[in-house]
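> Test case, fold it:
(chains A and B)
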Amino acid sequence: MNVDFVLQLLLNGLILGLIYALVAMGLSLIFGVLEIVNFAHGEFYMLAAMGCYFLTAGAGFGYWGAVVAVTAVSVCVGFVLYEVLLRRLGGRDFERSILLTLGLSMVLQNGALYLWTATPRMTTTQYTYESVVLGPVQAPLVRILAVVLAVISFVSLYLVLHHTRVGKAMRGVAQNRDAALMVGIDPRVVSRLAVAVGVGLSGVAGAALAPVYSVHPLMGFAFLFKAFAIVIIGGLGNVAGAAIAAVALGILESLASGFFSLVVVDGLAFVLMILVLLVRPHGLFGGGVRV
Amino acid sequence: MRKLGAILAGVVLAASSVGHALAQDGEPIPVLVSLPITGPVAAFGEHSRWGFELAFAQANEAGGIDGRPIAADFEDNRCNPAEGVKSVTQALSQKDYVVVLDGLCSSATLAIMPVIERAEIPMITANASATAIAEQSGVGGNKWMFKVNPADSGLTEAIVAWLDKEGKADKIALLAEDTDFGRAGSDGFSQALKKRGLELAAVEYYQQGTADFTGVLTKLKALDPNSIALYSIAADFQNLIRQYFSMGMKTPLTGRLILSDVPEEILKRGALDGTTTVQPYTIEVDTPENEAFVAAFEAMHGVKPNLLSFESYETGRLLVDAMERASAIEPAALRDAIESASYPSILGTAIEFDDNHLAHNNAVIMRVTDGKVEILGFSGT
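Numbering: from 1, shown residues only, chains lettered A, B, ... in the order given. Next up is the predicted model:
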């Protein structure tokens, strides 16, 4: 077996896994705190990528300026989303939340199709055509930057959740909403913040991946269902679990694509999801404690 | 008094029938176009739609068909066979369409074919390329189905013959989307190579909508084939090309590449030099008819046409020609008129259907040299 070939597959897999993690983190956070499966998550990711494209291609923004602007707007969108649509949903409104976010997803997707047509666009930055060569392996610079953004996002989120009062409040609401209320935590404020951060993370993902993949109104779909599988494998609502599952899946997929047909790769995430559900119904890291 | 009443009634009836006849004169001719308006190849559906819109707008501006404008309704098939059957069946039950157009995706088109056969309405596909469509049409069974663009078998034979002539037909790996389009490309390559005592070095299929190709490209890079044949379109193709470039791959590409979708910077850097591809059309075709088409298309839609818009435009124009020659604007008469078509193509040939209702327009063989696309020549299909 050629060692260079396997090393390249491992590097591809690690990068892909961290990209998956970036997309799945926000989804996992929102489910963890609100118990809402946000089917519109892929569309927020798509809108952020579109925003990054238009800011860099037409508004004279540099790449990093676009990343900051898109992330900031996404956080604001998250606030509005919670106040306008999600606030009224209670813990027993699981079905309603699915229908609501699914409907929102369709509105956003078709609205984007209407406004910008289905033509795929390519976000070009100063890094687009550069690659980093490390001995026998190489990786495009835009992917490495996406990985850097994914790591920064994950570490920041982890630190906020585990070492700040706000984060502890989020975990408190996730674990027991009523008990959190009894100790003076306002679940509405915490939930609003969780949705803002969750949608903000989809904004980071969109901006980070806009120079990596083609940008078009239907791009959210490609990652959404895989992100669901990752969130379920990692343990519903467990952000760290989702990140670990994402990296593991990325590496497994990459290795599988090197040795088997691509058809095997496409089904891998869902086969793993079914196996995990059979063996550990709460997911690999979902021992009842979320976020 | 009774007589006067009868005369008045006669006058009223006559007046109403004249009025009806006048209304009939300007009554739009309903045409159904089935396309992927959403889904993974919606961008292609868009270009196909724009091609038809230009053809019908030009015909309507010129007075329509005996004063009747052509009115096209566009139904979304999402490039999905089940959606195609559902949307076309539903549309045909609601309006008396005289013809169905395109389908665009081979899988969706193959699924729609029995529907239009049962309804006895002619269908012309502009862009679906699977060889099976022609095999099942005309003497192949479905007398209502026609195909304007060349079949994949014709295109692959043309490109493999060209590669073979240059001694480049051995050790070709194939990467294709897992659809009738990709499968037809794979079959076409296999058969064309088999004729020459050769075979594909590797075959890989991927699901439409796949974003990441780094794994399979790493595998193909390690295999080190002489060239990689691609059957990939729209956003998938753009992702593939960008990842091919960023992985530093130098293996020449072949198959059916839409070179106008390749980022200019990648072309300019010479990353695709040596790539040889075949398509039914390229914007670079240097004829006055093509120049006029490109100018009209850009004026109407603000973007340059691609091969999808071209095929749909030609199909639209062919339909207008058939309507002008048909004894009546009704499905059976239109089918006969389409069957006997000899329509002058923009490529300088005449579009005529064979016994399988397949037209054999020329294919364009192109190569990328020094970062530029050049037409090597035309080949029969």
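> list the contacts for the residue in the stretch 1-150 of chain B positioned nearest to chain A?
Residue of the stretch 1-150 of chain B nearest chain A, by Cβ to the nearest Cβ: B:Ala42 (3.3 Å). For the C-beta atoms, the positions are set from N, CA and C on the backbone; glycine is no exception. B:Ala42 makes contacts with A:113, A:118, A:217-218, B:36, B:234, as judged by Cβ atoms under 8 Å, 6 or more residues apart in numbering or on different chains.
> What distance do you get for it to B:Cys79?
Note on B:Ala42: its distance to B:Cys79, by Cβ to Cβ, to the nearest Å, is 8 Å.
> Overlap of the contact sets of those two?
Common neighbours of B:Ala42 and B:Cys79, counting by Cβ under 8 Å, 6+ apart, are B:Pro36.
> returning to that earlier point: got JSON lines for the contacts of B:Ala42, with neighbour count too?
Shown next, in JSON lines, are these (neighbours: other Cβ atoms under 10 Å in any protein chain shown):
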{"residue": "A:Leu113", "neighbour count": "17"}
{"residue": "A:Ala118", "neighbour count": "23"}
{"residue": "A:Pro217", "neighbour count": "27"}
{"residue": "A:Leu218", "neighbour count": "24"}
{"residue": "B:Pro36", "neighbour count": "28"}
{"residue": "B:Ala234", "neighbour count": "30"}
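> Can you flag which of the residues you listed belong to strands?
Residues of the contacts of B:Ala42 located in strands (DSSP state E): none.
> buried sites along the host helix or strand of B:Ala91?
Secondary structure assigned from DSSP states H and E places B:Ala91 in helix B:81-94. Within helix B:81-94, the residues that qualify as buried by neighbour count (16 or more other Cβ atoms under 10 Å in any protein chain shown) are B:81, B:83-88, B:91-92.
> which outside residues touch it?
With Cβ under 8 Å, 6+ apart, helix B:81-94 has contacts from B:32, B:34, B:73, B:75-78, B:97, B:100, B:103, B:105, B:107-112, B:115-116, B:119, B:121.
> now stretch A:153-160
In contact with stretch A:153-160 (Cβ under 8 Å, 6+ apart) are residues A:21-22, A:25, A:29, A:166-167, A:197, A:201, A:204, A:239-240, A:243.
> buried residues in that stretch?
Residues of stretch A:153-160 classed as buried by neighbour count (16+ other Cβ under 10 Å): A:153-154, A:157, A:160.
> how about the residue nearest to B:Met145 when sequence neighbours are not counted, phi and psi?
For B:Met145, ignoring the flanking residues on the chain, the nearest one in space by Cβ to Cβ, 6 or more residues apart in numbering or on different chains is B:Ser137 at 4.0 Å. The phi and psi values for B:Ser137, taken as degrees, to the nearest 10, are phi -110, psi 160.
> and B:Ser137, how many neighbours does it have?
Counted with other Cβ atoms under 10 Å in any protein chain shown, residues neighbouring B:Ser137 total 25.
> Which positions are bridged to it in the beta structure?
Beta-bridge pairing for B:Ser137 (DSSP bridges): B:Asn142.
> Quick one: residues contacting it.
B:113, B:143, B:145-147, B:356-358.
> Export those to JSON lines and append columns for pLDDT.
As requested, these are arranged in JSON lines below (pLDDT from 0 to 100):
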{"residue": "B:Met113", "pLDDT": "98"}
{"residue": "B:Lys143", "pLDDT": "97"}
{"residue": "B:Met145", "pLDDT": "98"}
{"residue": "B:Phe146", "pLDDT": "98"}
{"residue": "B:Lys147", "pLDDT": "96"}
{"residue": "B:Asn356", "pLDDT": "96"}
{"residue": "B:His357", "pLDDT": "97"}
{"residue": "B:Leu358", "pLDDT": "95"}
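> Give me the buried subset of these.
For the contacts of B:Ser137, buried by 16+ other Cβ under 10 Å: B:113, B:145-147, B:356-358.
> Could you verify that B:Thr251 is part of a strand?
No. Counting by DSSP: H, G, I helix; E, B strand; the rest coil, B:Thr251 is located in no strand; its state is coil.
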